[in-house]
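Novice: With the input below, show me the fold.
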Amino acid sequence: MSGPVQIPFKSFIHLKPEENTALYLQIVFEFIKAIQTGFLPEGTKLPGTRILCKLLVVNRNTLIKAFQDLESQGWIETLPNKGTFILSQHKQKNQSEFIAFKNQNVSKGNTGFTFRRSAILENPKETSDLSCQFNDGMPDVRLVQNEVLARLYVSKLKRQKTSKAYEQIQIQSHLNFKTHFSNYLNLTRGLRISTSSLLTTNSHEISLYLVTKALISAGDKVVVASPGYYISNMTLTNTGAKIITIPVDQDGIDTNRLKEICEQSKIRMLYLTSNYHYPTTISLSAKRRIELLELANQYGFIILEDDYDFDFHYDNNPILPLAAFDSNQKVIYIGSFGRLLPSGFSYGFITAPPEFIEELEKYQNILEPGIDVIKEQVLTECITEGEVHRLIKKNKKIYRERRDYFVSLLNEKLSGKIKFKIPARGLAVWIEWLDKFNLITLQKECNANGLFLPKTILYQTKDLTATRLGFGHLEKEEIEKAVSILCQSIEAISLIS
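Specialist: Numbers count the residues shown, from 1 in each chain. Take a look at the predicted model:
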């Protein structure tokens, strides 16, 4: 982005003067949300207050008061004769003070009672009725084999007549599922875990929430990659963590920078997506994997390894997670299972030392007190009969073909306009645009032409203009249409500029 005035503030800063919350507080909360979700990345230079007042249609004194609060919390800094910038490394002065501050944002509205409103957990996802859409890398629900699961589910329901107590059935069924699931993880991901080191959850997001809830206290320093995953950043920030960002290059997270940070202060946790970094799709190099494990052991921080897309790899020798080589029990490994299965059959999981799993179960008993016996029995049978392996193998072939076709069209239609690496896994391609233009302008042009680009796949700073384009949910004809509209829209905004 060539200048701060070009930042499309009105597209992500939404103020509601009619609400009871003071306008300057709304500005504070909207800016924090924009920083956490990546719309205002670290180092971004903001326009002067007079210019920004005109863009947001607010009084200058109101904006100055909001900026003073943001600076006191450490989200921005003003440098004499240089301007105001989003803070690099997020040097929040006192995150616990911020938590107390944000909890003052109390709303009543028309509910008849007061409640606290989160400035962090606003859902950044968008929806559209357009039939042609890109996303951040979701599987195609049309490939799900509902018939197999339906047959297994019905058969399990018919066998439920038993003299055993339901609680006894639950315990036995869950232990049987965990036994087969831990064996499956050991086989596919090179782990060496038993059932006592495994916790299954109803979703990947719940796994992330449970781990951060148990490990992070207000003010704890947590290192994340930049650019990174907006959902995990929101979850970590909501715990009161002090987020420190470090860059990602072609070999993954910068371990030299991580070592510098560890030498300067005490780090509680490193969160990373090592096998398939979100959003850039880069895999952490072998050298840096070794370095990360050594640094964790040397400086005593936890590695929270998120392997959200393991099943979608396109080679015969998938990269194993860090957890497979962790001899010092510094890695907590979370992931997803069953993304190829119908909604409701997918699972999240956590592998960690047994003592920590026991602690997590206390929190899980509040969030997920029951066990879906039939569901677990069906998944156990899917694993033991090899149905999961067959489904993964079949769909992986389809997704590889879609990736290759998508990549070929990008090379053909957008040669000279983009650069990218063909991902070895996952359902999305990270594209960096060689020309500088406003991605929100592109989004609007695409939308007018019938293609939806959600803001969560757009990444723009003064040095970067990139998009994460998911292809997995598109058939060949749909890929052709999406790429065609994308090219048409690029040409249109090029003519305008």
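Novice: max-length helix in this structure?
Specialist: Determined from DSSP state H, the single longest helix within the chain is helix 387-413.
Novice: For that helix, buried residues please.
Specialist: By 16 or more other Cβ atoms under 10 Å, the buried positions in helix 387-413 come out as 387-388, 391-392, 395-396, 399, 402-403, 405-407, 409-410, 413. (Glycine included, C-beta is placed from N, CA and C.)
Novice: Mind giving me the packing neighbours of that helix?
Specialist: Judged by 3 or more Cβ pairs under 8 Å, 6 or more residues apart in numbering; DSSP states H and E, helix 387-413 is in contact with strand 428-433, helix 476-496.
Novice: Let me know the average pLDDT across the longest one.
Specialist: The average of the pLDDT scores along helix 476-496 is 93.
Novice: re the thing from before, right, so of the helices and strands packed on helix 387-413, which gets closest to residue 251?
Specialist: The minimum distance between residue 251 and the helices and strands packed on helix 387-413 falls on strand 428-433, with 14.8 Å, by Cβ to Cβ.
Novice: Hey, what's the angle from whichever helix or strand comes after that closest one to strand 428-433? Just curious.
Specialist: Downstream of strand 428-433, the first helix or strand assigned by DSSP states H and E is helix 439-448. Taking axes from the mean of the first three to the mean of the last three Cα atoms, to 10 degrees, helix 439-448 and strand 428-433 form an angle of 120 degrees between their directions.
Novice: other SSEs contacting the helix or strand that helix 439-448 is followed by?
Specialist: Reading on from helix 439-448 to the C-terminus, the next helix or strand found by DSSP H and E is strand 451-452. Using 3+ Cβ pairs under 8 Å, 6+ apart as the contact definition, the elements that strand 451-452 packs against are strand 132-133, helix 476-496.
Novice: now, of these, which is deepest in the fold?
Specialist: Relative to the other members of the helices and strands packed on strand 451-452, strand 132-133 carries the highest mean neighbour count by mean count of other Cβ atoms under 10 Å, namely a mean of 18.
Novice: And it, how far out from the chain middle?
Specialist: A distance of 21 Å separates the C-alpha centroid of strand 132-133 from that of its chain, computed with Cα atoms, centre = their mean, to the nearest Å.
Novice: Do me a favour and average the pLDDT over it.
Specialist: The predicted model gives strand 132-133 an average pLDDT of 96.
Novice: Quick check: neighbours of it in the sheet, parallel or antiparallel?
Specialist: Strands adjacent to strand 132-133 in the sheet, as given by DSSP bridges, are strand 451-452 (parallel).
Novice: Quick one: residues in contact with whichever helix or strand comes after the partner strand.
Specialist: Counting by DSSP H and E, the element after strand 451-452 in chain order, helix or strand, is strand 458-460. The contact list for strand 458-460, computed with Cβ atoms under 8 Å, 6 or more residues apart in numbering, reads 1, 38, 41, 227, 279, 438-440, 442-443, 465-468.
Novice: How far away from the center of its chain is strand 458-460?
Specialist: Between the mean C-alpha location of strand 458-460 and the chain-wide mean there is a distance of 15 Å, by Cα atoms, centre = their mean.
Novice: could you point out which element follows it?
Specialist: Once the chain leaves strand 458-460, the next helix or strand it forms, by DSSP H and E, is strand 465-470.
Novice: partners of that next one in the sheet?
Specialist: strand 428-433 (antiparallel), strand 458-460 (antiparallel).
Novice: And the contacts of it?
Specialist: Contact partners of strand 465-470, identified using Cβ under 8 Å, 6+ apart, comprise 1, 134-138, 279-281, 406, 427-433, 435-437, 439, 453, 457-460.
Novice: Pull out the buried members of those.
Specialist: Among the contacts of strand 465-470, those classed as buried by neighbour count (16+ other Cβ under 10 Å) are 1, 134-137, 279-281, 406, 427-431, 433, 437, 439, 453, 457-460.
Novice: okay, and for the stretch 251-400 of the chain, where does confidence drop off?
Specialist: The stretch 251-400 of the chain contains residues with pLDDT under 70 at 343.
Novice: at 80 what do you get?
Specialist: Confidence mapping of the stretch 251-400 of the chain against pLDDT under 80 gives the ranges 315-318, 339-345.
Novice: Closest to the centroid, which residue in this structure?
Specialist: residue 229 (3.4 Å; Cα atoms, centre = their mean).
Novice: Which stretches in the stretch 1-150 of the chain count as helices?
Specialist: Chain-ordered helices for the stretch 1-150 of the chain, with DSSP state H, counting those that start in this stretch as the definition, fall at 23-36, 49-56, 60-73, 95-102, 146-158.
Novice: Now distance to residue 447 and mean pLDDT too, for those helices, in JSON lines please.
Specialist: Written out in JSON lines, the entries for the helices of the stretch 1-150 of the chain read as follows (distance: least, Cβ to Cβ, whole Å; pLDDT from 0 to 100):
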{"stretch": "helix 23-36", "distance to residue 447": "21", "mean pLDDT": "82"}
{"stretch": "helix 49-56", "distance to residue 447": "21", "mean pLDDT": "90"}
{"stretch": "helix 60-73", "distance to residue 447": "30", "mean pLDDT": "86"}
{"stretch": "helix 95-102", "distance to residue 447": "33", "mean pLDDT": "40"}
{"stretch": "helix 146-158", "distance to residue 447": "32", "mean pLDDT": "69"}
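Novice: Tell me which stretches of the stretch 151-300 of the chain form strands.
Specialist: With DSSP state E, counting those that start in this stretch as the criterion, the stretch 151-300 of the chain has strands at 198-201, 221-226, 242-249, 252-253, 269-272.
Novice: Nearest approach to residue 482 belongs to which of those?
Specialist: Distances from residue 482 to each of those were compared using Cβ to Cβ; the shortest belongs to strand 242-249, at 26.4 Å.
Novice: Show me what the closest one is packed up against.
Specialist: In terms of contacts (3+ Cβ pairs under 8 Å, 6+ apart), strand 242-249 is packed against strand 221-226, helix 230-238, helix 255-264.
Novice: Let me know which of those is the nearest to residue 205.
Specialist: Residue 205 lies closest to helix 230-238 among these, at 6.8 Å (Cβ to Cβ).
Novice: on that earlier part again, weakest of the strands paired with strand 465-470 by average pLDDT?
Specialist: Here the strands paired with strand 465-470 differ in mean pLDDT, and the lowest is strand 458-460 at a mean of 86.
Novice: Test my guess that residue 30 contacts residue 14.
Specialist: Yes. When contacts are counted by Cβ atoms under 8 Å, residue 30 is listed as touching residue 14 (6.4 Å).
Novice: Compare the two and say which is more crowded by neighbours.
Specialist: Between residue 30 and residue 14, residue 30 has the larger neighbour count (other Cβ atoms under 10 Å), namely 21 against 11.
Novice: I'd like to know how far the more buried one sits from residue 65.
Specialist: From residue 30 over to residue 65 the distance is 14 Å, taken as Cβ to Cβ, to the nearest Å.
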